[in-house]
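Visitor: sequence and predicted model, in that order:
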Amino acid sequence: MRMTKSGLTVGFLLLVGTVALANPQERVVTLPGAASTNGVAWQPNLMVREQKSGNADRPVLYVHGFSFPSSLSVFWKLDGRSWADALNEAGFSVWGFDFAGYGGSERYPEMETATQHLGPPIGGAQDAVEQIARVVSYILEQTKAPRISIVAHSIGSIPAGLFATQHPELIDRIVFFGPATQRNLETLPGGLPSSSAAVPQWRFVTVKDQFDRFVQEVPKGHEPVLLDFQSWAQAYLASDPTSSTRDPASVKVPNGPLAGLIDAWTGKLAYDPAGIKSPLLVVRGEWDTLNTELDAGWLLTTATSSPEKKYVRVAEATHLMLLEENRNALYRATNEFLLGR
């Protein structure tokens, strides 16, 4: 066991449940959690996936967004190639994990009920940043790398940003793809409540919900840009073992990230971008409405301590660009920035 300057403990996590995958460059492990006892908070089991390259000492951690896990994002293959493959080709070792309540990680006890309940939304920024810290500790122990780069999508940028401001010495570079940023709105778009206090602990997400969200930003009359949604949708339902018990089939997801977005859009972003001290790339799709041109500009302007800042806008792409026609532009922008070009 060793301690980093940040106070993160490295080497205390046991490796259990190692899974051998068809690709010898991939492995999946479970970081064991702990039950809530004697005033100690519950800690979930976390699924972590590594996809190796020739340079294991150049780790990149992908932090997923608020409705689907890492297997359906950075590791999802379209035409036989994933974002993780593109990162490997640039020489990076790719790591991804599922937040508690998603994919292969443990569900919150509150999610065991059949119906939603009002109460503090589960899976908020503080829980999420603690999970990121556990995963980063494990990666640094495994790779012996002094620092890690982070690629975060959507609302996943909130806990990733919070972690980066708390442990700047552990971060090499940061890529925020379509990040959630601060706004100061009195009326929120999309029918969102004006306060996160009105959000249930968790919610159901159907395939229709996902499809509608994925295509809503494409201009009317434009050719579709979303790829192979049917295969993705089948895998999405399979990511929740209970999905087929409901009609229509649906996936349970924590509402903490949604509450974090509401807080951010009402002026209470969970972290101060001025605390980011590593190079920062913001990349977004031209049609993205969760992260607008103004949002991207606000984040880059507010990140006053970052020594290098870059903005890339990808034409004819939405907030879900990683599943679309122009995803390779996202891959290239990310690789070039992480390589320092």
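Guide: Looks like it came in fine.

Visitor: nearest spatial neighbour of residue 304, skipping sequence neighbours?
Guide: residue 274 (4.9 Å; CB to CB, 6 or more residues apart in numbering). C-beta: built from backbone N, CA, C; applies to glycine.

Visitor: isn't the one you found right up against residue 303?
Guide: Yes. Judged on CB atoms under 8 Å, residue 274 makes contact with residue 303 at a distance of 6.6 Å.

Visitor: give me the number of residues near residue 290?
Guide: 24 (other CB atoms under 10 Å).

Visitor: ok, it - contacts?
Guide: Counting by CB atoms under 8 Å, 6 or more residues apart in numbering, residue 290 makes contact with 154, 178, 180, 261, 319.

Visitor: repeat that for residue 201.
Guide: So residue 201 contacts 108, 110, 111, 116, 117, 118, 119, 120, 121, 122, 254, 255 (CB under 8 Å, 6+ apart).

Visitor: can we see that at 6 Å?
Guide: Residues near residue 201 by CB atoms under 6 Å, 6 or more residues apart in numbering: 110, 117, 119, 121, 122.

Visitor: can I get the residues you listed in JSON lines with neighbour count, pLDDT and distance to residue 167?
Guide: Shown next, in JSON lines, are the contacts of residue 201 (neighbours: other CB atoms under 10 Å; pLDDT from 0 to 100; distance: CB to CB, whole Å):
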{"residue": "110", "neighbour count": "20", "pLDDT": "94", "distance to residue 167": "28"}
{"residue": "117", "neighbour count": "9", "pLDDT": "88", "distance to residue 167": "34"}
{"residue": "119", "neighbour count": "13", "pLDDT": "86", "distance to residue 167": "30"}
{"residue": "121", "neighbour count": "23", "pLDDT": "96", "distance to residue 167": "25"}
{"residue": "122", "neighbour count": "22", "pLDDT": "96", "distance to residue 167": "24"}
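
Visitor: the residue nearest to residue 304 should be in a helix, yeah?
Guide: Yes. The assignment for residue 274 by DSSP: H, G, I helix; E, B strand; the rest coil puts it in a helix.

Visitor: that one contacts residue 301, doesn't it?
Guide: No. The pair residue 274 / residue 301 is not scored as a contact, 10.2 Å apart, by CB atoms under 6 Å.

Visitor: tell me how far residue 126 lies from residue 248.
Guide: The gap separating residue 126 from residue 248 is 33 Å, by CB to CB, to the nearest Å.

Visitor: what do you get for residue 39?
Guide: In terms of CB to CB, residue 39 sits 41 Å off from residue 248.

Visitor: could I get the full set of strands for the stretch 1-150 of the chain?
Guide: Listed in chain order, the strands of the stretch 1-150 of the chain (DSSP state E, counting those that start in this stretch) span 2-3, 9-10, 16-20, 26-31, 46-51, 59-63, 93-97, 148-153.

Visitor: quickly note the distance from the closest residue to residue 58 other than its chain neighbours to residue 86.
Guide: Nearest residue to residue 58 in three dimensions, chain neighbours excluded: residue 92, at 5.1 Å (CB to CB, 6+ apart). Per CB to CB, residue 92 is found 9 Å from residue 86.

Visitor: the two: who's more crowded?
Guide: The neighbour comparison of residue 92 against residue 86 (other CB under 10 Å) goes to residue 92, with 25 against 19.

Visitor: pretty sure that one contacts residue 57?
Guide: No. With contact defined as CB under 6 Å, residue 92 does not reach residue 57; the gap is 10.1 Å.

Visitor: same list, the strands of the stretch 1-150 of the chain, but as CSV with mean neighbour count and mean pLDDT please.
Guide: Converted to CSV, the strands of the stretch 1-150 of the chain look like this (neighbours: other CB atoms under 10 Å; pLDDT from 0 to 100):
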stretch, mean neighbour count, mean pLDDT
strand 2-3, 10, 36
strand 9-10, 17, 43
strand 16-20, 10, 39
strand 26-31, 18, 95
strand 46-51, 24, 98
strand 59-63, 26, 98
strand 93-97, 27, 97
strand 148-153, 25, 98
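
Visitor: between these, which one is closest to residue 137.
Guide: strand 9-10 (4.7 Å; CB to CB).

Visitor: list the contacts of residue 165.
Guide: 271, 275.

Visitor: what is the burial count for residue 218?
Guide: A count of nearby residues for residue 218, using other CB under 10 Å, gives 17.

Visitor: helix, strand or coil for it?
Guide: coil.

Visitor: for the closest residue to residue 154 other than its chain neighbours, phi and psi?
Guide: Excluding the flanking residues, the one nearest residue 154 by CB to CB, 6+ apart is residue 65, at 3.3 Å. Main-chain dihedrals, residue 65, degrees, to the nearest 10: phi -80, psi -160.

Visitor: of all residues in this structure, which one is nearest the centre?
Guide: By CA atoms, centre = their mean, the chain has its centre lying nearest to residue 64, at 1.8 Å.

Visitor: tell me how far the longest helix along the chain lies from the chain's centre.
Guide: Counting residues, the longest helix in the chain under DSSP state H turns out to be helix 125-143. Averaging C-alpha positions (CA atoms, centre = their mean, to the nearest Å) puts helix 125-143 13 Å from its chain's average.

Visitor: thanks a lot, catch you later.
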